[in-house]
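Enquirer: Pasting a predicted model and its sequence here:
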Amino acid sequence: MNAHDLGAVRECMADSCAVEDHRRLRVAHPRGPDEHIAMLASALALAPDYLVEILRDVAVEPWGHVIVARSYGTATDGGPFESAYIALSVWNSSGLLVRLGVYEGRRRSDRAPSSPRPVLAYGRLACTNSARSAGLEPPTF
């Protein structure tokens with residue numbers, strides 16, 4: 001993705017890949033791989049220096065992973081942007097992405113001290129449910 005090679009990104013996705021964006025503020029709601037690639041192309045057009053940074057691996061399994069990440073860059077009008085999120089990826093036995101789920105993320109400063117990890121818990125639940133629905137062993141966190 002950071003090489004901005006959308007053809008390579010698409011080659012990593014199964015034709016049946018389900019893309020789900022569960023964030024409150026989303027620009028679009030892509031359902032499949034081609035819509036997702038079109039959304040990424042729009043993002044790159046609006047922010048030519050668009051990058052994704054993995055901040056933390058929450059769970060890594062042979063069939064997928066959950067990460068905390070952020071996308072950031074500078075819009076063509078000069079304004080910087082940043083979006084933090086949880087991403088769930090599930091791939092098939094051929095290594096192709098079959099599900100991509102994006103969930104709300106929060107900045108550390110936005111978290112209440114009494115509940116520091118509610119978003120990670122939600123990501124773990126989504127990962128566990130995805131594994132079970134695919135007949136796979138859920139990860140241990």
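Expert: Thanks, I have it. Values in this document were obtained by computation on a predicted structure and should not be read as measured data.

Enquirer: how much space between residue 67 and residue 101?
Expert: In this structure, residue 67 and residue 101 are 11 Å apart, going by Cβ to Cβ, to the nearest Å. The C-beta positions use only the backbone N, C-alpha and C, and glycine is treated the same way.

Enquirer: between the two, which one's more packed in?
Expert: Using other Cβ atoms under 10 Å as the criterion, residue 67 and residue 101 rank with residue 101 on top: 22 against 18.

Enquirer: does the nearest residue to that one once chain neighbours are set aside have beta-bridge partners, and which?
Expert: What sits nearest to residue 101 in space, not counting adjacent residues and going by Cβ to Cβ, 6 or more residues apart in numbering, is residue 88, at 4.0 Å. For residue 88, the beta-bridge partners are residue 66, residue 101 (DSSP bridges).

Enquirer: Roughly how far does residue 88 sit from residue 3?
Expert: 23 Å.
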